[in-house]
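1. give me a 3D structure for the following:
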Amino acid sequence: MPLSHAVLALLADGPSHGYELKSKFESAVGPQWGGLNIGHLYQILDRLVRDGHVIRSHVAQSDRPDKTLYRLTEAGADELREWAVSPWARSSGFRDELFLKLLAGTRLGPETLAAFVSAQRRTYLSDLAALTRLRREQDDPLVSLLVDAAIAHTRADLQVVDGAEERLAALAAHAGELHAVRPEAAAGET
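-> Below you'll find the model as predicted:
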């Protein structure tokens with residue numbers, strides 16, 4: 001489970017409490033991954049403690065409630081090393097709403113396909129501009145790498161959209177002809 005392993009990686013730097021781990025995670029990968037829900041983090045930590053990968057201890061504080069500190073165990077370090085060197089493979093294919101929208105556009109005709117492609121192109125160009133600004137602001141090498149990866153993914157998606165109209169035009173035109181001949185198909189009647 002990737003988030004569990006990310007928590008183990010953060011604990012490899014030394015013991016931390018929950019909110020500190022949340023902050024470290026969001027600093028390291030947050031711009032692309034998004035925020036880490038603190039409730040979810042504590043569920044992950046409970047699981048890691050249960051599995052023997054992390055131990056928890058309580059640190060007394062005079063002016064506040066006790067702090068819970070989490071520390072990586074040797075078994076946790078072994079698990080992290082094993083996970084870190086194993087190759088990652090996409091397990092669920094390329095399940096992306098973009099492909100479903102292209103499917104719909106080819107079935108609803110050339111105007112629908114063109115409208116979607118145009119709107120999606122604008123969205124990707126806006127995303128690229130925001131990512132480029134974010135990249136210029138980054139000093140952290142890991143975050144810079146993640147932003148560069150997001151830029152590369154967005155450019156690849158933009159290439160798909162740019163090629164979609166031309167490559168799918170025949171399918172969309174055929175669907176448009178079918179709807180013109182059988183308007184009830186467009187209305188959902190049989």
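
2. from here on, just use CA atoms for contacts and neighbour counts.
-> Fine.

3. now do the contacts for residue 83.
-> Residue 83 sits next to residue 5 when contact means CA atoms under 8 Å, 6 or more residues apart in numbering.

4. let's verify it: helix, strand, or coil?
-> helix (DSSP: H, G, I helix; E, B strand; the rest coil).

5. what sits against the residue positioned nearest the centre of the chain?
-> With distances taken as CA atoms, centre = their mean, residue 33 lies nearest the centre of the chain, 5.4 Å away. Residues in contact with residue 33, defined by CA under 8 Å, 6+ apart, are residue 26.

6. now swap in residue 37 and tell me
-> Counting by CA under 8 Å, 6+ apart, residue 37 touches residue 22.

7. quick one: mean pLDDT for the lengthiest helix in the chain?
-> The longest helix of the chain (DSSP state H) is helix 141-181. The average pLDDT within helix 141-181 is 81.

8. centre of the chain versus stretch 138-153, how much separation?
-> Distance of stretch 138-153 from its chain centroid, counting by CA atoms, centre = their mean, to the nearest Å, is 13 Å.

9. and stretch 42-58, by the same measure?
-> 25 Å.

10. what comes up buried for that stretch?
-> For stretch 42-58, a neighbour-count test (16 or more other CA atoms under 10 Å) marks 44, 45, 48, 49, 53, 54, 55, 56 as buried.

11. tell me the contacts of the last one?
-> For residue 56, the contacting residues are 49, 68, 69, 70, 71, by CA under 8 Å, 6+ apart.

12. what's across from it in the sheet?
-> Under DSSP bridges, the beta-bridge partners of residue 56 are residue 70.

13. any idea how far it lies from residue 100?
-> Using CA to CA, to the nearest Å, one obtains 45 Å as the distance from residue 56 to residue 100.

14. circling back: in helices, which of the buried residues of stretch 42-58 appear?
-> 44, 45, 48, 49.

15. contacts for the strand or helix carrying residue 41?
-> Here residue 41 is covered by helix 38-50, with elements defined by DSSP states H and E. Contacts of helix 38-50 with the rest of the structure, by CA under 8 Å, 6+ apart, involve 3, 4, 7, 18, 19, 22, 54, 55, 56.
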